[in-house]
Each structure stands twice: as structure tokens, then as C-alpha cells.
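>>> Quick one: sequence plus predicted model below, questions after.
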Amino acid sequence: MARPASLARWLSGRTPMERMTMSVVMVLDEFMVTTSLSLGRLKEATPDLR
């Protein structure tokens, strides 16, 4: 992950649209990671149904 300072510098050179897209992508990425982690934990917690 980029350091906040360099990320801020990178974002300052972008248009508002690009900035918005970037934050949406980051939020989605975070969401995906969280979801897959909790799904993995859920799978471990539940006994195999096969």
C-alpha cells in the first residue's frame, strides 16, 4: 500500500473524477478483503456439510 504522503501527492495531481474513482476502488478493495476474510472464518467455523 502506498504511503499516505505519496498517495496524497498522487491524488492532488488528479481530477475530482479520478479521485472519486480511486476512493471507490479503495473502499471496494477493503470491502472485498473483509468479506473474503469473514467468509473464510465462517467456513472454518461451520462443519463440512458434505
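Perfect, I can see it now.
>>> buried sites along the helix or strand harbouring residue 10?
Applying DSSP states H and E as the criterion places residue 10 in helix 4-12. Residues of helix 4-12 include none that count as buried (16 or more other CB atoms under 10 Å). Placement of C-beta: from N, CA and C, glycine included.
>>> can you check stretch 27-43 too?
Under 16+ other CB under 10 Å, stretch 27-43 has no buried positions.
>>> any idea of the pLDDT on residue 49?
Confidence at residue 49, expressed as pLDDT, is 62.
>>> tilt between the next helix or strand after the helix holding residue 10 and helix 4-12?
Scanning forward in sequence from helix 4-12 by DSSP H and E, the next helix or strand is helix 16-45. With axes from the mean of the first three to the mean of the last three CA atoms, to 10 degrees defining the directions, helix 16-45 sits at 130 degrees from helix 4-12.
>>> which helices and strands sit right next to helix 16-45?
Helices and strands touching helix 16-45, by 3 or more CB pairs under 8 Å, 6 or more residues apart in numbering; DSSP states H and E: there are none.
>>> if we go to 10 Å?
helix 4-12 (3 or more CB pairs under 10 Å, 6 or more residues apart in numbering; DSSP states H and E).
>>> quick one: the helix it packs on to chain centroid distance?
17 Å (CA atoms, centre = their mean, to the nearest Å).
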